[in-house]
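Peer 1: no sequence on this one, just coordinates:
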Ligand SMILES: Cc1cc2nc3c(=O)[nH]c(=O)nc-3n(C[C@H](O)[C@H](O)[C@H](O)COP(=O)(O)OP(=O)(O)OC[C@H]3O[C@@H](n4cnc5c(N)ncnc54)[C@H](O)[C@@H]3O)c2cc1C
Ligand code: SF4
């Protein structure tokens, strides 16, 4: 591993100041490759530093912020507050989260391993990098995400795990996380603190589609720190679930997943929220599928129409063609199971 400068911060202002003090912040530098990085659980950052994919010169340890409100999980009249420095395991096991927002608890519980969930933070989870093997192997120079303009080895390479939604001609890497799909489905917002003050954005505006600049993955500016996620109260939050299909039943990333939330009036869907994971280049809300089931009873025909529209714009390539049908079936099963939930 390359040498780097390490500091610790106990609050958000100190963390932001440490990053500013340590690095000349270049506005054009995408934050994911910035020379200064925050370190939370380190389960993704240290991994990528060890394999030389990420090479920060300055690392600011923000674990101390877990003793501030950024480490809290609280359910109140404005919804669910999830501090960004809370651990994945804390949120997955939290009784209020399990009861009022099951899709959130399940998306975290089905991610990674118990050890990683104990270590990793919610903020770090949403910012984790793709598992594309060409991205992670520096012996391949042809990766537009790592070397902008170099090409994409996955296009005609081994791409069974790669994305079919939200992809571009420059990159087909899958967004690897699970929790983000629950957040985008439930219309969460993100609290951000940075050198220029604080701001709140919809979670749906945090990640960027690869387009022509796959190396720029988020809308965070250099030095910005995620402090919390806030999930509003909603009639569909309780009847929600996360279904994850993968090659093995634990410790594995999704091949296809669905985060679904339903508000039902008897057998009729009043309102629905749907997000799709394992198949998309970024957290992916499936609005056309939501519209397809709104006001409907979930018959086989209605479910099939929703699944078809959710995947209508998919662009499979080579080995990942199977994801279209797998994704459809995953969504239909998730909707059936959500409708049958006793709440
Ligand atoms: C074998 C394995 C299997 C896994 N399986 C899954 C899975 O099935 N599903 C899943 O979702 N994940 C999975 N993961 C990923 C794991 O969940 C992430 O590594 C973890 O959530 C990252 O959190 P962290 O706190 O360790 O982040 P870190 O490694 O500390 O940080 C990751 C990145 O986010 C930045 N960062 C961290 N916190 C903040 C913040 N508050 N504000 C701004 N920037 C910040 C860091 O600078 C860094 O760039 C797996 C990981 C491994 C190793
Ligand atoms: S899919 Fe994206 S991350 Fe993977 S090799 Fe291509 S450009 Fe790189």
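Peer 2: Thanks, I have the structure now. Because the structure is predicted, anything quoted here is derived from the model rather than measured. Ligands and ions are numbered 1, 2, ... in the order given.

Peer 1: pLDDT averaged over the host helix or strand of residue 74 - what is it?
Peer 2: In this structure, residue 74 sits in strand 73-76 according to DSSP states H and E. Computed over strand 73-76, the mean pLDDT rounds to 98.

Peer 1: show me what contacts the nearest residue to residue 83 once chain neighbours are set aside?
Peer 2: In space, and not counting its chain neighbours, residue 83 is closest to residue 70: 4.2 Å by Cβ to Cβ, 6 or more residues apart in numbering. C-betas here are computed from N, CA, C, even on glycine. Listed by Cβ atoms under 8 Å, 6 or more residues apart in numbering, the contact partners of residue 70 are 12, 83, 84, 85, 86, 227, 228.

Peer 1: same check, this time on residue 170
Peer 2: So residue 170 contacts 144, 152, 210, 211, 212, 213, 214 (Cβ under 8 Å, 6+ apart).

Peer 1: check contacts around residue 102.
Peer 2: By Cβ under 8 Å, 6+ apart, the residues touching residue 102 are 238, 240, 241, 242.

Peer 1: and it, how close does it get to ligand 1?
Peer 2: Using Cβ to the nearest ligand atom, to the nearest Å, residue 102 is found at 17 Å from ligand 1.

Peer 1: which residues touch stretch 38-46?
Peer 2: The contact list for stretch 38-46 (Cβ under 8 Å, 6+ apart) reads 6, 15, 19, 37, 54, 56, 59-63, 85, 87, 112, 116, 119-121, 123-124, 127-129, 225.

Peer 1: cool, stretch 303-319 as well?
Peer 2: By Cβ under 8 Å, 6+ apart, stretch 303-319 touches 155-160, 162, 164-165, 167, 172, 274, 276, 279, 286, 288-289, 292-293, 323-324, 327-329, 331-332, 335-336.

Peer 1: wondering if stretch 79-93 reaches ligand 1 at all.
Peer 2: Yes: contact of stretch 79-93 with ligand 1 (Cβ under 6 Å from any ligand atom) involves 84, 88.

Peer 1: equivalent analysis for stretch 167-181, please.
Peer 2: Yes: judged by Cβ under 6 Å from any ligand atom, stretch 167-181 comes into contact with ligand 1 through 176, 177, 178, 179.

Peer 1: residue ranges of the strands in this structure, please?
Peer 2: Here the chain has its strands, by DSSP state E, at 5-8, 36-39, 58-61, 73-76, 79-83, 189-194, 197-202, 225-231, 240-245, 256-265, 268-277, 284-285.

Peer 1: TSV for those, including mean neighbour count?
Peer 2: Listed next are the strands of the chain as TSV, based on neighbours: other Cβ atoms under 10 Å:
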stretch	mean neighbour count
strand 5-8	14
strand 36-39	24
strand 58-61	20
strand 73-76	15
strand 79-83	23
strand 189-194	21
strand 197-202	11
strand 225-231	24
strand 240-245	24
strand 256-265	25
strand 268-277	24
strand 284-285	22
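
Peer 1: can I get these in a markdown table including distance to ligand 2?
Peer 2: A markdown table is the format used below for the strands of the chain (distance: least, Cβ to the nearest ligand atom, whole Å):
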| stretch | distance to ligand 2 |
| --- | --- |
| strand 5-8 | 28 |
| strand 36-39 | 19 |
| strand 58-61 | 23 |
| strand 73-76 | 33 |
| strand 79-83 | 28 |
| strand 189-194 | 24 |
| strand 197-202 | 25 |
| strand 225-231 | 22 |
| strand 240-245 | 21 |
| strand 256-265 | 18 |
| strand 268-277 | 17 |
| strand 284-285 | 16 |
